[in-house]
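Student: the following comprises the amino acid sequence and a computationally predicted model.
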Amino acid sequence: MQLFYNKNIDKDTGLLTFSKGESRHIIRVLRKKEGDKIFITNGKGQLFTTQIINASDKKCSVEILGSEKKEKPWDYYLHIAIAPTKNNDRLEWFLEKATEIGIDEITPILCDNSERKVIKEERLQKVLISSVKQSLKYQLPKLNPLTKFNDLLLKDFKGKKLIAYCEYTQKNNLKDLVKPQENILVLIGPEGDFSNKEINKALQHKYIPLSLGESRLRTETAGIVVCNSVSLINS
C-alpha cells in the first residue's frame with residue numbers, strides 16, 4: 001500500500017487537492033489515473049480511503065470515500081530527548097529509524113557539550129513524515145523545538161524518567177527499569193556526554209541513571225537502542 005500524509009484531512013473533508021510536487025509524484029511516477037484509490041493519513045491515527053477524480057500532474061484531486069481509526073500498535077508512551085549530532089544526517093537517521101520502530105515524542109536538547117546548537121525543524125519534520133509514510137504508521141511522532149537541558153528538566157512528565165550517560169557510576173539496565181505499558185522519558189546526551197553538572201541536576205529531578213551496555217555508543221545509536229529495547233520489553 002502506498003501511503004500519503006496530509007495533516008489537515010479529517011472526516012469532514014470532502015475533496016482534497018495535493019500539492020504540485022505530490023501531484024506530479026502520483027500521476028507521473030506512480031502512474032495513477034482517475035478512479036484509482038489513494039490512501040492518506042493525518043498522522044493522528046486515522047486512515048482515509050480516497051479516489052482520484054482529477055488526474056492532473058499539477059493539481060491532482062481526490063474525494064474521500066471513507067475513513068477508519070487506526071489504533072497505535074504499541075501500548076506505551078516513549079519520549080526521547082536527544083542532543084542533535086554534529087552531522088545532521090545522523091540525527092535524521094535516528095528520526096527515521098525511531099519512527100519505523102515506534103516512538104511518540106522527540107525533543108532535541110541543547111546541552112553543555114552540544115556539538116550542534118541549531119536545528120532545521122522543518123527539515124526534521126519532513127524526515128518524520130517520510131518515515132511514517134514508508135513504514136505505514138498512522139501516528140506522526142511529536143517533534144518539539146530545540147530545548148535547553150535545564151528547561152526540559154522543569155517540564156512535567158507522568159511516567160518513568162531516565163538519563164543515559166557514560167560516566168562510571170551505579171546504573172541499571174533498561175530491562176531492569178522499564179515495565180510493559182509504561183510511559184518513559186529518556187535523556188540522551190551529545191558525543192561529549194552530559195556534563196557532571198547536568199547529570200547531578202537530572203538526578204535531583206528524580207531521573208534514574210541508565211546503562212545501555214558495555215560499549216560506548218554514538219548518540220543516534222543510543223537512541224535506537226532505547227527504541228528497540230522498549231519495543232521488545234513490550235512485545
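Tutor: Looks like it came in fine. Numbers count the residues shown, from 1 in each chain.
Student: quick check: residue 161 vs residue 76, distance?
Tutor: According to Cβ to Cβ, to the nearest Å, residue 161 stands 14 Å off from residue 76. For glycine as for every other residue, the C-beta is placed from the backbone atoms N, C-alpha and C.
Student: and the protein, what are its domain boundaries?
Tutor: Structurally, the chain divides into domains by automatic domain parsing as follows: 3-69, 77-233.
Student: tell me the contacts of residue 166?
Tutor: Contacts of residue 166 were listed using Cβ atoms under 8 Å, 6 or more residues apart in numbering, and they are 193, 216.
Student: helix, strand, or coil at it?
Tutor: Following DSSP: H, G, I helix; E, B strand; the rest coil, we place residue 166 in the coil state.
Student: pLDDT at it, what is it?
Tutor: Residue 166 carries a pLDDT score of 85 in this model.
Student: any idea which residue sits dead centre in the protein?
Tutor: By Cα atoms, centre = their mean, the chain has its centre lying nearest to residue 141, at 4.0 Å.
Student: tell me where the model's unsure across this protein.
Tutor: Under the criterion of pLDDT under 70, none of the chain is flagged as low confidence.
Student: highest average neighbour count across the domains of the chain?
Tutor: Mean neighbour count (mean count of other Cβ atoms under 10 Å) peaks for domain 77-233 among these, with a mean of 17.
Student: quick revisit: where's the closest residue to the residue nearest to the centre of the chain other than its chain neighbours relative to residue 78, distance?
Tutor: With sequence-adjacent residues excluded and distances taken as Cβ to Cβ, 6 or more residues apart in numbering, residue 141 is closest to residue 103, at 5.1 Å. Distance, residue 103 to residue 78, by Cβ to Cβ: 5 Å.
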